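S.K.: Got a predicted model here, sequence first, then my questions.
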Amino acid sequence: MSKKISTDNIKELRNKTGAGMMDCKKALEASEGQIDVAIETLRKKGLASANKKSTRLATEGLIESYIHAGSRIGVLVELNCETDFVARQPEFSKLAKDLAMQLAACQSVQYVSKHDIPEEIIEYEKNIELGKEDISDKKLDIKEQIIKGRIDKRLKELCLIDQLFIRNPEITIDELIKNHIARLGENIKIRRFERYLLGEGLENKTDNFQQEVKKMINNK
């Protein structure tokens, strides 16, 4: 029977290594709760310093594109690193391509991370949840817990770094980036992206045009 890993154990390991919470949890589970063994595991993987590197300035990088089969979906993504040397590495280019493909596959994603979501969007989602009938008769504290859980889930659906990596669903995009930070030795940031859908917005314009024609006919 494996030893249960507590939140305090995870926090302790994170404070000692600077590695991500999920990486610490996995290392502790693999070492059956032995902090020293877990530290050694994280150091071997290079993850012990990934979080510290993630605060460094990243102004180099590249813009990658992906056009899906049939040419109906296109994506541009800007991926930043610290030096031009890393930007030219095949592994960095492959990461950028994988991210572009991920964005083409996950069309509900609108932002890189929660920090990029405007406050009015968060308030809008809260108002939708507040108006749902299934929580109308709940006590206030329970209602707030339910809404918080639903909002957190909804915001994750909108964010790229919270998605499961389509090529390896055992890790998130956030973990994928940290793995590459550890491997390439530099901070890596997804700065921005743009998704293009063939014909997007044209239907509304057609509807508006038809309405205008009807008005013209009715006014004659």
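M.R.: On my side now, so go ahead. Quick caveat: nothing in here was measured; it's all calculated off a predicted structure.
S.K.: which regions of this protein lie under the pLDDT threshold?
M.R.: Under the criterion pLDDT under 70, the flagged ranges of the chain are 1-3, 15-20, 43-57, 203-220.
S.K.: Does the residue most central in space within the chain belong to a helix, a strand or coil?
M.R.: Nearest to the mean C-alpha position of the chain, by C-alpha atoms, centre = their mean, lies Ile161 at 1.5 Å. When classified by DSSP: H, G, I helix; E, B strand; the rest coil, Ile161 comes out as helix.
S.K.: try Gly149
M.R.: Under three-state DSSP, Gly149 comes out as helix.
S.K.: Look up how far Lys178 lies from the residue nearest to the centre of the chain.
M.R.: 10 Å (C-beta to C-beta, to the nearest Å). Placement of C-beta: from N, CA and C, glycine included.
S.K.: coming back round to it: in space, what's closest to the residue nearest to the centre of the chain - neighbours in sequence excluded?
M.R.: Excluding its sequence neighbours, the residue lying closest to Ile161 (C-beta to C-beta, 6 or more residues apart in numbering) is Asp174, at 4.1 Å.
S.K.: Report the contact partners of the residue nearest to the centre of the chain.
M.R.: Ile161 makes contact with Val112, Ser113, Thr172, Ile173, Asp174, Ile177, Ile190, according to C-beta atoms under 8 Å, 6 or more residues apart in numbering.
S.K.: how near is it to Phe193?
M.R.: Using C-beta to C-beta, Ile161 is found at 12 Å from Phe193.
S.K.: shared neighbours of those two, which are they?
M.R.: Going by C-beta under 8 Å, 6+ apart, residues that sit against Ile161 and also against Phe193 are Val112.
S.K.: Whichever helix or strand Lys11 is part of: which residues count as buried?
M.R.: Secondary structure from DSSP states H and E places Lys11 in helix 7-17. Under the neighbour-count criterion of 16 or more other C-beta atoms under 10 Å, helix 7-17 has Asn9, Ile10, Leu13, Arg14, Thr17 buried.
S.K.: in this protein, which spans are helices?
M.R.: For the chain, applying DSSP state H gives helices covering 7-17, 21-30, 35-45, 50-53, 84-87, 90-105, 119-130, 140-158, 173-184, 202-218.
S.K.: Please name whichever of those helices is nearest to Ser65.
M.R.: Closest to Ser65 of the helices of the chain, according to C-beta to C-beta: helix 90-105, at 6.4 Å.
S.K.: neighbouring contacts of that closest one?
M.R.: 61-62, 64-66, 68, 73-77, 79, 81, 86, 109, 160, 163, 165-167, 173, 176-177, 180, 183-184, 188, 190, 193, 195.
S.K.: Which members of those are classed as buried?
M.R.: Buried, going by 16+ other C-beta under 10 Å: 61, 64, 66, 73-75, 77, 79, 81, 86, 109, 160, 163, 165, 173, 176-177, 180, 183-184, 188, 190, 193, 195, out of the contacts of helix 90-105.
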